[in-house]
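Asks: Build the 3D model from these lines:
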Amino acid sequence: MQQAKVSGFSVSAIAIRQHIGTLMLTVAVIVMGIYFMTTIQVDLLPAITYPRIGVRLEAPGISPEVAVDEITRPLEEALSATENVVQVFSRTREGQVSLDLFFEPGGDIDQALNDATAAFNRGRGQLPETIEEPRLFKVDPSQLPIYELALTSTSLQGKDLRVFADEELSRELSVIPGVAAVDVSGAAEEEVRVLVDLKRLQALNIGLTDVLNELTERNQDTSGGRILGQNSEPLTRTVGRFKDAKEIENLSIEVSSPTSTTPPHRVYLRDFAEVIDGTEDQRVSVYLNRQPAVKLSVQKQPDANTITVVEGVKQRIKQLQQSGLIPADMVLTATTDESRFIRNSLNDVIFNAISGALLAAAAVLLFLGSLRQTFIISLAIPLCSLAAIAMMKFFGLSLNVFSLAGLTLGIGQAIDTSVVILENISEKAGKTPNQREGGRGRGGEGEKQRMIENAIAEVNQVLKSIKLPEGVSIVPSSAQETNQQLQDALKTLGALAVFLIFVVMAVQYNSLLDPLVIMFTVPLALAGGIFGLYITKTAIGATVIVGVVLLVGIVVNAGILMVESANQIREEENCTREIAILKAAPQRLRPIMMTTVTTILGLFPLALGIGEGSEFLQPLGIVVFFGMAIATLMTLFIIPCLYILLHEFQPGKWAKPVLMRLRYLRKNLKRWN
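Replies: Numbering: from 1, shown residues only. Predicted coordinates for the structure are as follows:
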């Protein structure tokens with residue numbers, strides 16, 4: 001049998017020769033993909049390490065002015081000693097102090113958290129003893145609440161509803177696997193207030209600090225050790241915590257006598273203070289359909305599956321309702337459910353995969369008329385998806401908004417590639433001794449390093465040679481359609497940006513000519529940006545659009561500097577516009593060049609694509625770099641000319657010499673005739 005010669009390295013040839021191994025690898029990918037699909041982490045946002053640590057302190061009853069001096073500044077001094085910290089940002093409110101520590105990107109944020117905790121512990125002695133235990137944590141937007149509930153009830157209102165949410169429901173939900181915390185907000189918490197009469201306190205010769213110390217020391221349980229017995233050693237403790245306001249009123253305080261001969265005596269707290277059993281001042285109010293409610297916010301652990309955690313919370317709530325722990329008249333309304341959005345996104349991916357399979361099958365049937373190719377396409381699409389999910393699990397990635405979007409785009413690319421490859425294989429299959437050799441030879445060509453333009457031209461030639469049935473036509477691929485949409489968006493966004501900038505400058509200058517002169521820098525910048533894209537062979541994409549909009553806003557600065565300086569000179573010296581712009585151009589040359597050079601030098605590494613992950617932003621850097629460089633050079637020559645021409649433009653003055661020259665030419669023509 002004649003063997004087809006394949007030049008170079010060919011993956012297709014190896015796969016066809018080792019067809020059993022290829023089949024087993026395919027089955028392994030399918031099995032691993034299905035397994036990892038059930039175990040992969042599902043989240044709303046990707047697990048990005050943010051170089052930021054938050055510190056939160058509750059300081060009840062302390063005013064912001066006092067908190068700044070006694071809490072915020074000592075903490076800033078202590079935490080600023082944390083290694084690699086670049087900025088400490090603080091916010092002080094009544095009863096609360098918040099600090100954010102910013103670090104250099106790419107550092108070990110876990111070690112930074114340990115260092116910040118150690119720095120806080122070193123400065124803990126400078127803080128008031130009345131502050132509550134602080135909370136230090138890594139700032140991560142993906143740790144936002146994944147499930148929120150609003151509680152309303154007819155039997156439990158206000159304080160009672162808050163107590164039920166705090167002491168019953170939140171504790172039951174906190175033990176669910178994957179739940180990190182359950183926060184309760186709304187309604188007012190229980191609070192016992194002690195209103196001290198300072199005059200009576202002074203008359204009894206008692207200090208306010210003595211009262212605070214007595215309340216703190218008495219309100220605690222103390223371990224009593226063990227009682228040694230013959231068969232057991234029971235633990236003992238002294239119960240001293242206050243149970244209600246009555247016990248606080250009966251608190252006795254020893255008062256020393258003014259003279260040494262008089263023995264000390266004891267007074268009760270009720271003698272100089274009023275104890276009120278009530279609620280704290282409500283700072284946060286929660287309403288559901290205009291009815292007071294209490295909100296529960298469920299946060300998940302970093303490595304937990306969002307859908308699994310939310311399903312666990314829902315199942316636990318059903319169990320509590322069936323057991324009677326949750327009253328029958330209590331209504332639990334889900335106000336936030338991130339699993340629903342993620343689940344819908346997953347459904348969209350599945351729908352896109354099925355739609356892509358159907359479209360691919362239709363394309364194969366229409367173009368090649370082969371059921372075998374339809375079956376191959378149907379296998380290729382889920383295989384690519386499952387392989388991607390398996391690789392995501394292997395590298396520790398999660399299914400989130402961004403990865404799902406990438407997976408959807410990957411499916412589209414897999415469809416386009418599969419159709420093109422199979423169409424080419426089918427075309428060449430009849431020119432070789434058998435279909436296996438045809439596939440091997442054609443697949444080997446795909447591995448050669450050819451220019452993408454040649455490949456596209458070859459595909460277009462093949463498509464043109466196909467005789468399509470009546471009513472069937474070839475439409476551009478999704479990639480080409482997306483590119484066209486991006487180009488249309490570029491025109492729209494660019495025009496809108498130019499219009500808004502013109503409006504702002506027209507309002508500022510109270511003139512239409514000066515903004516018009518300045519706006520001539522925009523086409524110069526666009527020409528420079530397009531030139532940069534052309535010489536670097538960079539395609540127009542989303543980052544290019546962002547770069548163009550950014551360029552439109554930046555490039556007008558040089559024109560603004562020159563026109564503004566000319567207007568000021570003209571107003572101060574009362575000279576003509578020509579003299580003013582001739583003086584303004586040399587004066588503004590240095591600041592224009594400084595701002596431009598610093599901008600383009602700052603973008604130069606970005607335009608070169610230096611650094612990890614810079615490929616995404618490289619088109620933006622190219623557009624702004626070339627646009628700024630070329631537009632600035634042209635601005636130095638064109639803006640002064642346009643400034644004079646547009647302001648001195650007079651139709652009659654310009655038309656008179658033109659008409660005289662036309663008359664002169666007419667007379668000469670008559671003489672020659």
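
Asks: any idea of the mean pLDDT for stretch 134-151?
Replies: Averaged across stretch 134-151, pLDDT comes to 81.

Asks: can you give me the strands in the stretch 1-150 of the chain?
Replies: Using DSSP state E, counting those that start in this stretch, the strands of the stretch 1-150 of the chain run over 52-58, 85-93, 96-103, 135-138, 147-152.

Asks: Looking at those, which one is packed in the most?
Replies: Neighbour counts (mean count of other CB atoms under 10 Å) averaged over each of the strands of the stretch 1-150 of the chain peak at strand 147-152, with a mean of 22. Glycine gets a C-beta too; all of them are placed from N, C-alpha and C.

Asks: so how far does stretch 503-519 reach from one end to the other?
Replies: In stretch 503-519, first residue to last residue: 11 Å (CA to CA, to the nearest Å).

Asks: tell me the average confidence for it?
Replies: In the prediction, stretch 503-519 has an average pLDDT of 83.

Asks: Could you do stretch 74-86 as well?
Replies: 84.

Asks: Ok, stretch 296-311 next?
Replies: In the prediction, stretch 296-311 has an average pLDDT of 83.

Asks: distance between that stretch and the chain's centre?
Replies: Distance of stretch 296-311 from the chain centroid (CA atoms, centre = their mean, to the nearest Å) equals 19 Å.

Asks: and the end-to-end length of it?
Replies: 16 Å.

Asks: contact partners of that stretch?
Replies: Outside stretch 296-311, the residues that touch it by CB atoms under 8 Å, 6 or more residues apart in numbering are 40-44, 47, 140, 142-149, 151, 165, 169-170, 173, 176-185, 313, 336-339, 342-343.

Asks: And it, what's buried?
Replies: Judged by neighbour count (16 or more other CB atoms under 10 Å), stretch 296-311 contains these buried residues: 296-300, 304-310.

Asks: Save the strands of the stretch 1-150 of the chain as CSV, and put in distance to residue 227 too.
Replies: Below are the strands of the stretch 1-150 of the chain laid out as CSV (distance: least, CB to CB, whole Å):
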stretch, distance to residue 227
strand 52-58, 39
strand 85-93, 50
strand 96-103, 45
strand 135-138, 39
strand 147-152, 45
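
Asks: Select, out of these, the one closest to residue 647.
Replies: strand 85-93 (48.0 Å; CB to CB).

Asks: Residue 118 is nearest to which of the strands of the stretch 1-150 of the chain?
Replies: It's strand 135-138; of the strands of the stretch 1-150 of the chain, that one is closest to residue 118 (CB to CB) at 10.4 Å.

Asks: rewinding a little: just flag the most distant two among the buried residues of stretch 296-311.
Replies: Farthest-apart pair in the buried residues of stretch 296-311 is 296 and 305; separation 20.0 Å (CB to CB).

Asks: what domains does the record give for this protein?
Replies: 11-39+342-467, 52-139, 147-189+283-329, 191-220+239-279, 480-655 (automatic domain parsing).

Asks: Output those in TSV; the columns should cover distance to residue 230.
Replies: What follows is the domains of the chain, written out as TSV (distance: least, CB to CB, whole Å):
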stretch	distance to residue 230
domain 11-39+342-467	55
domain 52-139	42
domain 147-189+283-329	39
domain 191-220+239-279	26
domain 480-655	72
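
Asks: Out of those domains, the one nearest residue 665 is which?
Replies: It's domain 480-655; of these, that one is closest to residue 665 (CB to CB) at 15.5 Å.

Asks: Can you select the buried ones from the contacts of stretch 296-311 in PyMOL?
Replies: Buried residues within those, by 16+ other CB under 10 Å, are selected in PyMOL with:
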select buried, resi 40+41+42+43+44+140+142+143+145+146+147+148+149+151+165+169+170+173+176+178+179+182+184+185+313+336+337+338+339+342
